[in-house]
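>>> Sequence plus predicted model, see below.
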Amino acid sequence: MSAKAEHYDVIRKPVITEKSTLASENGAVVFEVAIDSNKPQIKEAVEALFGVKVKAVNTTVTKGKVKRFRGQLGKRRDVKKAYVTLEEGNTIDVTTGL
């Protein structure tokens, strides 16, 4: 497996919400990442895929809610998000796609 494929396994997709848009004004980008990934892996993947310098990576895990699906109890999956702060002068435009 190539290194690029591994980077795409770490970073799933950008998160585009009101909160992530506010974070982008401060030079941060929010990505949904693999639940088993760690901060050094996320930093390496973002730097390799987008060609930017990463200043810091903060992560958060949102536990999946218990919801009803067709009357049956089910559980949504846990989601890990990474708030990636970029060095001055680096930007990633997540609205255009990869």
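Yep, that arrived.
>>> can I assume I92 is in contact with G51?
No: using CB atoms under 8 Å, I92 is not in contact with G51, being 9.3 Å away. From N, CA and C alone the C-beta is placed, and that goes for glycine too.
>>> Which one of the two is surrounded by more residues?
I92 (20 against 9; other CB atoms under 10 Å).
>>> got a pLDDT number for the more buried one?
The model reports I92 with a pLDDT of 83.
>>> Point out where this protein drops to low pLDDT.
Scanning the chain with the threshold set as pLDDT under 70 gives 1-2, 95-98.
>>> Could you point out the longest helix of it?
In the chain, with assignment by DSSP state H, the single longest helix is helix 39-50.
>>> export that one as PDB, just CAs?
Output in PDB follows, covering the C-alpha atoms of helix 39-50 (Å, rounded to 0.1, in the frame of the first residue of the first chain):
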ATOM      1  CA  LYS A  39      -1.900  13.400  16.500                       C
ATOM      2  CA  PRO A  40       1.500  12.700  14.900                       C
ATOM      3  CA  GLN A  41      -0.200  10.600  12.200                       C
ATOM      4  CA  ILE A  42      -2.800  13.300  11.500                       C
ATOM      5  CA  LYS A  43       0.000  16.000  11.300                       C
ATOM      6  CA  GLU A  44       2.000  13.900   8.900                       C
ATOM      7  CA  ALA A  45      -1.000  13.200   6.700                       C
ATOM      8  CA  VAL A  46      -2.200  16.800   6.500                       C
ATOM      9  CA  GLU A  47       1.300  18.000   5.700                       C
ATOM     10  CA  ALA A  48       1.800  15.400   3.000                       C
ATOM     11  CA  LEU A  49      -1.600  15.700   1.300                       C
ATOM     12  CA  PHE A  50      -2.000  19.500   1.300                       C
END
